[in-house]
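> Fold the following for me, if possible:
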Amino acid sequence: MKKSLIALSLGGLTIGITEFVMMGLLPDIAQNMNVSIPVAGYLISAYALGVVIGAPLLVIIGRNYPPKKMLLILAMMLAVFNALSIIAPTYEILFASRLLSGLPHGAFFGVGAVVASRLADKGKEAQAVSIMFSGLTLANLIGVPIGTYIGHHFLWRYTFVLIAVIGLLTFLFIYLWMPNLESNKSESMKTQLQFFKKTEAWLIIAITAIGFGGLFSWISYIAPLLTNVSGFSPENVPYILILAGLGMVIGNFIGGKLADKFSASITVIMLLFVMAIDLLLVYFFSYNQYASLFLTFLTGCVSFSIVAPIQMLMIQTATGAEMIASAAIQASFNIGNALGAFLGGLPLIAGYSYASPNLIGVGMSFLGILFTFIFIQRKKYVMQLQRV
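Numbers count the residues shown, from 1 in each chain. Below is the predicted model:
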């Protein structure tokens, strides 16, 4: 494994802890800041908003920077903006720091995915991208449980000390290990933005936001699913979630290998179909604790196996606009986060069981398959026109 890819994965670890640890710290932050848990929950929305704003904006601003310089700036932003949460005296300032800490998320993964594919050996581009995303999966397996433990047993601000330190290490290792790659100045910003006039661009965004969004109809309500349907005690939920994190680590690498072996679009269709079947199994069999444990691992595995293929699908399609298109995918993932959680909550509001959001996930997965099929047919049509 190339050291430069390890540096990128460390950035993914920083981002993963930053994004997901807040879910476990909400009660502690709410009590410390003297706000309700729903109000504290807006801190999660603030981060997602920062991702959506920062992903395209920072790539546009830094479009003429060499990739290494851009990654160094983004790594420093991760460290500094998370450090603001350590000293935030009021809820409003903490809200602002969460929004700011979300800004570099999409741009880092967007630039990092393109850099990883350029550094990869021929035929192993998707695997290189999956190595970068391995930091994100390791965050769910190790970083988030450790950060949550620190926040519960000591002080939630210490968790952000940990994040800031890892952010600084990311900066250091990118500086030491990342080669100096030339920036792509052959295409103007106007030309790069032309990519978003293509139907293919919006189909990939829809595949990501809707198809992958099916994951979040499951994971957003996994705690009450495990306690109310599977019958586990609340004390066991954090340990069970480690199974999901382990599945994400394994699935991430499987997805990279599959995308290199087959085409990215075919891989996405296959994995979305498997995810739909998996979520259907979760709906029907979560009442059994043994089945629930296995399905928690399997769903984590299947869901994150889609990440690298979707990223490669966008990079391969957006020739000349890879970085801004790749950053747009990160914004789409976060739109999928919000969409899956919102739609998954509708059957709960209607009084159905905590297994019911998974049926929403099944529907979203099949919509993702439909959009991928349309994308493939559209691509074939464009190629036929070019031959003529």
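> what are the phi and psi angles of the most centrally placed residue in the chain?
Central residue of the chain (CA atoms, centre = their mean): residue 333, 5.8 Å from the mean position. Backbone dihedrals for residue 333, given as degrees, to the nearest 10, come out at phi -60, psi -40.
> Not counting sequence-adjacent ones, nearest residue to it?
Using CB to CB, 6 or more residues apart in numbering and skipping the chain neighbours, the partner closest in space to residue 333 is residue 208 (6.0 Å). Every residue, glycine included, has its C-beta placed from N, CA and C.
> Kindly report the same for residue 191.
residue 320 (6.7 Å).
> Could you grab the helix/strand/coil label for the one you found?
Following DSSP: H, G, I helix; E, B strand; the rest coil, the label given to residue 320 is coil.
> go on, residue 297?
The three-state label given to residue 297 by three-state DSSP is helix.
> Neighbours of it, how many?
Neighbour count for residue 297, taken as other CB atoms under 10 Å: 19.
> Enumerate every residue touching it.
Going by CB atoms under 8 Å, 6 or more residues apart in numbering, residue 297 touches 243-244, 246-247.
> Same question for residue 82.
Going by CB under 8 Å, 6+ apart, residue 82 touches 14, 18, 97, 101, 160, 163-164, 167.
> go on, residue 71?
Here residue 71 is in contact with 8, 11, 108, 111-112, 115, 174, 178 (CB under 8 Å, 6+ apart).
> can we see that at 10 Å?
Counting by CB atoms under 10 Å, 6 or more residues apart in numbering, residue 71 makes contact with 4, 7-8, 11, 62, 65, 104, 107-108, 111-112, 115, 170-171, 174-175, 178, 181.
> just residue 212 next, same as before
With contact set as CB under 10 Å, 6+ apart, residue 212 has these partners: 268, 271-272, 275, 303-304, 306-307, 310, 329, 332-333, 335-337, 339-340, 364-365, 368.
> how distant is whatever helix or strand residue 301 lives in from the center of its chain?
In this assignment (DSSP states H and E), residue 301 forms part of helix 289-304. Here the centre of helix 289-304 is set off from its chain's centre by 18 Å, with CA atoms, centre = their mean, to the nearest Å.
> Going by neighbour count, list what's buried in it.
Using 16 or more other CB atoms under 10 Å as the test for burial, helix 289-304 gives 291-292, 295-304.
> For that helix, give the mean pLDDT please.
Mean pLDDT, computed over helix 289-304, is 94.
> Dump that helix to PDB, restricted to CA.
The C-alpha coordinates for helix 289-304 follow below in PDB (Å, rounded to 0.1, in the frame of the first residue of the first chain):
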ATOM      1  CA  GLN A 289     -31.600 -11.700  17.600                       C
ATOM      2  CA  TYR A 290     -29.100 -14.000  15.900                       C
ATOM      3  CA  ALA A 291     -30.400 -13.000  12.400                       C
ATOM      4  CA  SER A 292     -30.400  -9.400  13.500                       C
ATOM      5  CA  LEU A 293     -26.700  -9.600  14.500                       C
ATOM      6  CA  PHE A 294     -25.800 -11.200  11.100                       C
ATOM      7  CA  LEU A 295     -27.900  -8.700   9.200                       C
ATOM      8  CA  THR A 296     -26.300  -5.700  11.000                       C
ATOM      9  CA  PHE A 297     -22.900  -6.900   9.800                       C
ATOM     10  CA  LEU A 298     -24.200  -7.700   6.300                       C
ATOM     11  CA  THR A 299     -26.000  -4.400   5.800                       C
ATOM     12  CA  GLY A 300     -22.900  -2.400   6.800                       C
ATOM     13  CA  CYS A 301     -20.900  -4.500   4.400                       C
ATOM     14  CA  VAL A 302     -23.300  -4.200   1.400                       C
ATOM     15  CA  SER A 303     -24.000  -0.500   1.900                       C
ATOM     16  CA  PHE A 304     -20.400   0.700   1.900                       C
END
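> coming back round to it: could you tell me which residues make contact with the residue nearest to residue 333?
268, 306-307, 310-311, 313-314, 328-336, 368, 371.
> Please flag which of those residues sit within helices.
268, 307, 310-311, 313-314, 328-336, 368, 371 (DSSP state H).
> ok, of the contacts of residue 71, which come out buried?
Neighbour counting by 16+ other CB under 10 Å classes 4, 7-8, 11, 62, 104, 107-108, 111-112, 115, 170-171, 174, 178 among these as buried.
> Which ones among those map onto strands?
Within the buried ones among the contacts of residue 71, no residue falls in strands by DSSP state E.
> Tell me who's in contact with the nearest residue to residue 33 once chain neighbours are set aside.
Nearest residue to residue 33, sequence neighbours excluded (CB to CB, 6+ apart): residue 91, at 4.6 Å. Contact analysis of residue 91 by CB under 10 Å, 6+ apart lists 29-30, 32-35, 39-40, 42-43.
> I would like a ChimeraX command selecting only the buried ones among those, please.
Listed next is the ChimeraX selection for buried residues among the contacts of residue 91, using 16+ other CB under 10 Å:
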select :29,30,32,33,35,40,43
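> would a markdown table of the contacts of residue 91 with distance to residue 344 and secondary structure be doable?
Below are these laid out as a markdown table (distance: CB to CB, whole Å; DSSP: H, G, I helix; E, B strand; the rest coil):
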| residue | distance to residue 344 | secondary structure |
| --- | --- | --- |
| 29 | 24 | helix |
| 30 | 23 | helix |
| 32 | 29 | helix |
| 33 | 27 | helix |
| 34 | 30 | coil |
| 35 | 25 | coil |
| 39 | 21 | helix |
| 40 | 20 | helix |
| 42 | 19 | helix |
| 43 | 20 | helix |
